[in-house]
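Colleague: Here's my sequence, what's the structure:
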Amino acid sequence: MSAFSTHLLALAPVSAALLVAGRRWIGAGLAAALTVAAVAAVAPTYAGDPVEAPGGQPLTLLTANVRLGEADAEGLVALVERSGADVVSLQELTPSLRRQLEAAGLDELLPHSVVLAAPGADGIGLWSRSPLTDETRHDELTFPAVSARVGLADGQPGPTVLGVHAAGPWPQAADDWVRDLAKLPALLQRLGQEADEHDSAVLVGGDFNATWGNAQFRGLLQDGYRDAAEQLGARWTATFPAGAAIPPVIGIDHVLVRGAGARDLRTVTVPGSDHRGVLTTVTLPAG
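Modeller: I've put the predicted structure just below:
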């Protein structure tokens with residue numbers, strides 16, 4: 001239910017007003033206090049607080065959950081080409097979809113990759129326009145995560161990009177989700193420390209199965225990590241569920257940024273998926 005808290009906030013003033021009208025003073029006071037606390041927690045996503053990175057070069061990252069490999073490969077490759085994405089992070093990547101993406105030309109657009117295709121929700125992959133180094137598989141979470149350092153043409157220190165997929169809290173028991181969100185900070189901190197050795201940035205793209213309404217997600221935003229949507233004050237980054245009669249209502253897919261400035265973010269249709277993708281352009285720091 002906390003995932004929907006940003007929507008439920010709209011009802012809080014109504015509840016407080018009704019309690020006042022009914023002379024339920026204690027309830028009205030509690031409703032007002034809870035409203036203030038909730039607004040304080042989610043307000044950064046609306047206010048915006050951009051990070052300046054003067055003189056740096058731009059990089060565009062697309063992250064998308066491909067729905068157990070059911071996304072349309074040709075449509076996805078067309079999206080990558082149309083968007084000009086430099087790096088792509090795909091979650092729930094199956095061996096079948098991986099082959100379809102290769103046949104559709106993804107490896108020609110983005111020739112460098114680190115891919116762990118697997119059945120079900122276990123697969124993940126990163127593709128890049130530029131060469132990748134330090135490719136690493138991370139097994140701390142329920143699903144594998146992958147990271148790599150992106151090389152830059154001008155020889156400047158390239159960012160480390162992490163593709164991640166946290167377990168969902170529903171319909172299965174939430175134990176794995178709680179465990180994943182508790183372990184993620186240590187993984188992010190380790191990547192941040194390694195990036196500091198190269199004076200470079202960290203970009204994290206994935207399906208966190210969590211919104212700003214979840215304290216566990218907000219707890220990831222430490223050690224210099226920022227949500228790109230929060231930097232830009234993006235008011236509507238809902239990504240799930242997609243492809244249905246109703247529009248997406250919650251934002252569980254995110255791009256986190258450390259040491260770089262987000263300058264543009266939008267959600268995009270991923271043909272055949274029940275998630276919208278998140279397309280983010282960041283400005284990398286000049287070396």
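Colleague: can you list contacts of stretch 133-145?
Modeller: Residues outside stretch 133-145 that contact it (C-beta atoms under 8 Å, 6 or more residues apart in numbering) are 91, 114, 116, 118, 121-122, 124, 146-149, 151, 160, 162-167, 176, 179-180, 183-184, 186-187, 206. In short, each C-beta sits where N, CA and C put it, glycine included.
Colleague: Enumerate the positions of it that are buried.
Modeller: 138, 141, 142, 143, 144, 145 (16 or more other C-beta atoms under 10 Å).
Colleague: what's the answer for stretch 244-264, then?
Modeller: 248, 250-263.
Colleague: Span of that stretch from start to end?
Modeller: 26 Å (C-alpha to C-alpha, to the nearest Å).
Colleague: Look through every helix and strand of this protein and give the one with the lowest mean pLDDT.
Modeller: Ranked by mean pLDDT, DSSP states H and E, the weakest helix or strand in the chain is helix 5-8, scoring a mean of 51.
Colleague: Give me the distance between the residue nearest the centre of the chain and residue 185.
Modeller: Central residue of the chain (C-alpha atoms, centre = their mean): residue 254, 1.7 Å from the mean position. Going from residue 254 to residue 185 by C-beta to C-beta, to the nearest Å gives 14 Å.
Colleague: quick one, helices of the protein?
Modeller: Applying DSSP state H to the chain gives helices spanning 5-8, 12-21, 25-42, 44-47, 73-83, 95-104, 106-109, 175-197, 215-218, 228-232.
Colleague: between these, which has the poorest average model confidence?
Modeller: Comparing mean pLDDT across the helices of the chain, the weakest is helix 5-8, with a mean of 51.
Colleague: okay, now residue 192: neighbour count?
Modeller: 18 (other C-beta atoms under 10 Å).
Colleague: How about the one 4 residues further on?
Modeller: Residues within reach of residue 196, counting by other C-beta under 10 Å, total 13.
Colleague: what do you get for the one 4 residues further on?
Modeller: The local packing of residue 200 (other C-beta under 10 Å) involves 22 other residues.
Colleague: Residue 193 now?
Modeller: 11.
Colleague: before we move on, what about residue 32?
Modeller: Counted with other C-beta under 10 Å, residue 32 comes out at 17.
Colleague: what's the answer for residue 26, then?
Modeller: With other C-beta under 10 Å as criterion, residue 26 counts 8.
Colleague: Tell me how far it lies from residue 35.
Modeller: For residue 26, the distance to residue 35 equals 15 Å [C-beta to C-beta].
Colleague: same check, this time on residue 152
Modeller: Counting by C-beta to C-beta, the gap from residue 152 to residue 35 is 46 Å.
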